[in-house]
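# No letters, just coordinates:
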């Protein structure tokens, strides 16, 4: 038992008395055979209250004895099984969920001290014994509702520019004008919203978007959300003014924030944003990069006693450990970040760890079993392999590598084609468009019988397919991306301001890419000036490619036409305006035709 749990990163600490099982059909068959409900605990290695509940609640002898006698106990790591977490999380971590022997939802809570958990255990156990038919009726009704909700993400009307405007207004409506950021407490960085603001400011030039972007970026970097000693950002703050940080650091958050600050530097020219991006990347490489896997670990756990220390004292303390597992989906995002930073920040050294991780993921994927979580090599210790998240993000990383590593374009193109084939064969909804988060599984239990289409993973797939279409000119990739984006045309509102990434993806889809190839050494000032000028163009879909070489030159291509190279960054804007102006309107403007949204 212990060995089986350790293989999934779920082993309880010494002395824990609950007989935990991993999620699987066998655990639920046991519950059915024994006529017991299931206690599902969803936690994470970075979760402080998960540790407290493990050490205080589940280690309580009375609790453990009652659980072992009356329940089948199942433990799931949130980061290893996002599919289970998405279906059963009850509002935070830990999630304490009670299920029928067939996986139907009965009741749930988050953190519970021993007395409260014991009371809830007794109540659920009594209901399961005395009102089992009623409990199952309720569970089945909830399952039917989940099926109906999942079916809404299906073929819709074609996306239009109006979607981008509506989502922009929605995001602006959640902006915190006093403190920066979005919403009230607890205050999260809101990476999708920041990406949309940067996109909208670049394409419209509206100071309204710039002001929101700059205030938020400055507020975060000047607040305790950012760790001034070790670098990196914490997950969120308890207060709306960016104070009282919750001290765990997440790979996905820091990859996203490094990318946002890097692009803000390109867009706004503020060197402080470059410094923040570089310090955040430094944290990723120093703490979360595992060269032996190779890969990127998912998090560094909360430890206020350490992170609350001043620099002089912190240096003598042992830092909180990182998650022992690396993750395919977040690692692929880190690959894209580092490859972009290798030329945007003139740091060619960053490409080395990026390509090591990418090639390790490609090696896994070549066998058809890309593990979402892994450690100690591709074949040593892996977790779930049948999830969309790893494949979708790998596709985007491969297309980025094919774009930004011109000497290896063909190799990464071929790998991207193979990954796209897996996406289409295992996860695509041929009738409704988009991609399911899980592969077909005849032994799926409970809510996992309902294959769902999470928006973030589908956007990664859509963007990867659009890039692959541009690289290969194969129309099937463009059609799949269109069907994926159309599937959310009528349901994006359910995601609130977090539909911001959808708005960016729609705007990219609606505008064929302007491709700008920049020659010159990345660390030359003239090359950097050309790269920044390219990254500031107002057209929504820019594909900026480095090509190496000597003197700084920019080659612009659009719609199967290419223009003579320019050596002056100031000439790029006029060249782009000429390129995208409709042929039947020689007096049109790039800003009129492509850039504007009403403020």
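Looks like it arrived, so ask away. Note that the structure is a prediction, hence the values are computed from the model and not measured.
# how about the helix or strand where residue 354 lies: buried residues?
In the assignment (DSSP states H and E), residue 354 maps to helix 351-366. Within helix 351-366, the residues scored as buried using 16 or more other CB atoms under 10 Å are 351, 353-355, 357-358, 360-362, 364-365. To be clear about C-beta, it is placed using only N, CA and C from the backbone, and glycine gets the same treatment.
# Where does the prediction get shaky in the stretch 251-400 of the chain?
377-384 (pLDDT under 70).
# rerun that using 80 as the cut-off
376-385 (pLDDT under 80).
# shaky segments in the protein?
Low-confidence segments of the chain, defined by pLDDT under 80: 1-16, 376-385, 582-599.
# With adjacent residues omitted, what lies nearest to the spatially most central residue of it?
Among the residues of the chain, the one closest to the centroid is residue 252, at 5.8 Å (CA atoms, centre = their mean). The shortest distance from residue 252 to any non-neighbouring residue, by CB to CB, 6 or more residues apart in numbering, is to residue 330 (4.8 Å).
# helices or strands up against the host helix or strand of the one you found?
Element membership for residue 330 (DSSP H and E) is helix 328-344. In terms of contacts (3 or more CB pairs under 8 Å, 6 or more residues apart in numbering; DSSP states H and E), helix 328-344 is packed against helix 251-268, helix 271-283, strand 295-296, helix 351-366, helix 388-404, helix 525-535.
# go with 6 Å
Here helix 328-344 touches helix 251-268, strand 295-296, helix 351-366, helix 388-404, going by 3 or more CB pairs under 6 Å, 6 or more residues apart in numbering; DSSP states H and E.
# Compute the distance from the centre of the shortest one to the centre of its chain.
Okay, so that is strand 295-296. From the chain centre to the centre of strand 295-296 is a distance of 15 Å (CA atoms, centre = their mean, to the nearest Å).
# ok, residues contacting whatever helix or strand comes next after it?
Towards the C-terminus, the helix or strand next in line after strand 295-296, according to DSSP H and E, is strand 299-300. Residues outside strand 299-300 that contact it (CB atoms under 6 Å, 6 or more residues apart in numbering) are 46, 248-250, 287, 320, 322-323.
# repeat for stretch 87-107
28, 31-32, 37-38, 40-44, 47, 50, 53, 108-112, 124, 135-136, 139, 142-143, 445-447.
# Give the buried subset of the residues you listed as a ChimeraX selection command.
Burial among the contacts of stretch 87-107 is assessed by 16+ other CB under 10 Å; the matching ChimeraX selection reads:
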select :28,31,37,38,40,41,42,43,44,47,50,53,108,109,110,111,112,124,135,136,139,143,445,446,447
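# For stretch 248-259, what is the distance to the chain centroid?
With CA atoms, centre = their mean, you get 9 Å for stretch 248-259.
# List the residues that contact the nearest residue to residue 428 once chain neighbours are set aside.
Among residues not flanking residue 428 along the chain, residue 435 sits closest, at 5.7 Å (CB to CB, 6+ apart). Residue 435 is in contact with 388, 427-428, 458, 461, counting by CB under 6 Å, 6+ apart.
# please redo it, this time with the cut-off set to 7 Å
By CB atoms under 7 Å, 6 or more residues apart in numbering, the residues touching residue 435 are 388, 392, 423, 427-429, 453, 457-458, 461, 484.
# Tell me the spacing between it and residue 429.
Remark: distance between residue 435 and residue 429 (CB to CB, to the nearest Å) = 7 Å.
# Residue 106 too?
From residue 106 over to residue 429 the distance is 30 Å, taken as CB to CB.
# got it, and residue 35?
37 Å.
# So for these two, which sits in the more crowded spot?
Regarding residue 35 and residue 429, a neighbour count based on other CB atoms under 10 Å identifies residue 429 as having more, with 18 against 10.
# Apart from its neighbours in sequence, what residue is nearest that one?
Closest to residue 429 by CB to CB, 6+ apart is residue 436, at 6.2 Å.
# what number of residues lie near that neighbour?
The local packing of residue 436 (other CB under 10 Å) involves 23 other residues.
# just residue 369 next, same as before
Per other CB under 10 Å, the neighbour tally for residue 369 reads 12.
# That one sits in which helix or strand?
Using DSSP H and E, no helix or strand contains residue 369.
# Phi first, then psi, for it.
Residue 369 adopts backbone torsions of phi -130, psi 70, taken as degrees, to the nearest 10.
# So it sits against residue 390, correct?
No: if you go by CB atoms under 7 Å, residue 369 and residue 390 don't touch, sitting 10.1 Å apart.
# Format the contacts of strand 299-300 as JSON lines; extra columns: distance to residue 83, secondary structure and neighbour count.
As requested, the contacts of strand 299-300 are exported to JSON lines (distance: CB to CB, whole Å; DSSP: H, G, I helix; E, B strand; the rest coil; neighbours: other CB atoms under 10 Å):
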{"residue": "46", "distance to residue 83": "19", "secondary structure": "coil", "neighbour count": "25"}
{"residue": "248", "distance to residue 83": "22", "secondary structure": "coil", "neighbour count": "22"}
{"residue": "249", "distance to residue 83": "24", "secondary structure": "strand", "neighbour count": "27"}
{"residue": "250", "distance to residue 83": "19", "secondary structure": "strand", "neighbour count": "23"}
{"residue": "287", "distance to residue 83": "27", "secondary structure": "helix", "neighbour count": "22"}
{"residue": "320", "distance to residue 83": "28", "secondary structure": "coil", "neighbour count": "19"}
{"residue": "322", "distance to residue 83": "24", "secondary structure": "strand", "neighbour count": "21"}
{"residue": "323", "distance to residue 83": "19", "secondary structure": "coil", "neighbour count": "25"}
